[in-house]
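1. Sequence and predicted structure are below.
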Amino acid sequence: MPESPKPGRRYVLICPCKDEAEHAQATIDSLAAQSELPALCLFVDDGSTDETPEILDRAAEKYPWFRVLHRKNTGARRVGPGVIEAFYEGYNSLDMAEFDYVCKIDADLEFPPRYFELVMDKMESHPRFGNYSGKLYLRLDDGRLVPEPTGDENAVGNAKFFRVECFEDIGGFAKEVGWDGIDGHMCRLKNWIAQSEEHPDLHIIHRRMMGSSFKGIFHGRQRWGRAKWYMGTGPVYMLVVTAYRMAQRPFIIGGLGIMVGYIKSWLTGYPRHGTPEFRRALRRFEHRSLIKGKAAAAREANEKIKESWDRHHPSHPSAA
């Protein structure tokens, strides 16, 4: 039997979801099989019109650590602001002093059985780890797993595992598309480490292609481009991202959709996030990524944060 939450390892999962009857049960089953159970798993049903509410209510009856918050139907699914609004309805209903970690998850994932145990082990390896995750994989029709391309500089948006102190320090999630990129850059701005990492026991099965959108892949990738504009990404970096994504699944159309979304946002005067300080820090990271590669730039940033903290805390075990 999985153990109850240990002192210092109390994590809460918050899952905003809408019309996920096809995937929610698989997600719940993978959570129930964890080697370290959550202190609480809160699913926020955003007015689903399929069988999702019934699936969630059955889980709440079965598992003492599982709870459901039902919202009224607010219309069509709103990726970005709608997801974060639902997340915060759950988050604001909780006393975060009761938890050490908070994780926003999606309802179309399958987690390996030691996933959260190993993520917390990583977070405990250094006090400046702010967020962390494994990597996403798609399961093909023949059962093979293929990686979904994700950068190393941030926890994946589908499974954002945060130290509560860090989450509050960066001001939480932006209520706009691009929230799942902004948080990582805010971490570095506030001297927290943000990272996703390839590890055989941290492969998250994504049951639906990232950025595909319920309206189709091209629409979803345009939204991705709009998110890049809102975040503050520069045009040169966007050209490189577009070329890279054109060579990934879905070929050509994926990268093209991202660039279309970025240019449309530029031409229509779509707003940009945050302060000039944030955008300068973002552009510096993008510049280093073009020179060294994004993975190397992320490692460089993380090492600087670790070294700075260790230098000012020489007696801490992490500085040994």
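-> Sure thing, it's come through.
2. Let me see the ranges of the helices in the stretch 101-250 of the chain.
-> Remark: helices assigned in the stretch 101-250 of the chain by DSSP state H, counting those that start in this stretch are 115-124, 164-169, 179-189, 217-231, 235-246.
3. helices and strands around the very next helix or strand once past the last one, which ones?
-> In this case it means helix 235-246. Using DSSP states H and E, the next helix or strand after helix 235-246 towards the C-terminus is helix 253-267. If you count contacts as 3 or more Cβ pairs under 8 Å, 6 or more residues apart in numbering; DSSP states H and E, helix 253-267 packs onto helix 217-231, helix 235-246. Backbone N, C-alpha and C define where each C-beta goes, glycine included.
4. Show the contacting residues for Asp310.
-> Contacts here follow Cβ atoms under 8 Å, 6 or more residues apart in numbering; on that basis Asp310 touches 316, 318-319.
5. could you say which helix or strand contains it?
-> Per DSSP H and E, Asp310 falls inside helix 294-312.
6. Would you mark the buried spots in that helix?
-> By neighbour count on 16 or more other Cβ atoms under 10 Å, the buried set for helix 294-312 is 294, 297-298, 301-302, 305-306, 309-310.
7. do stretch 80-98 as well
-> For stretch 80-98, by 16+ other Cβ under 10 Å, it's 80, 82-91.
8. show me the contacts for Arg139.
-> Taking Cβ under 8 Å, 6+ apart as the criterion, Arg139 is in contact with 145, 205, 207.
9. actually Ser30, not the one I typed
-> Going by Cβ under 8 Å, 6+ apart, Ser30 touches 109-113.
10. from those, which is closest to Met246?
-> Met246 has its nearest neighbour among the contacts of Ser30 in Leu109, at 26.4 Å by Cβ to Cβ.
11. ok, the closest one touching Thr27?
-> Yes. Using Cβ atoms under 8 Å, Leu109 is in contact with Thr27, at 5.4 Å.
12. So the two - more neighbours on which side?
-> A direct count of neighbours by other Cβ atoms under 10 Å for Leu109 and Thr27 places Thr27 higher, at 26 against 22.
13. which parts of whichever helix or strand that one is part of are buried?
-> Secondary structure from DSSP H and E places Thr27 in helix 24-32. With burial defined by 16+ other Cβ under 10 Å, the residues of helix 24-32 counted as buried are 24-28, 30-32.
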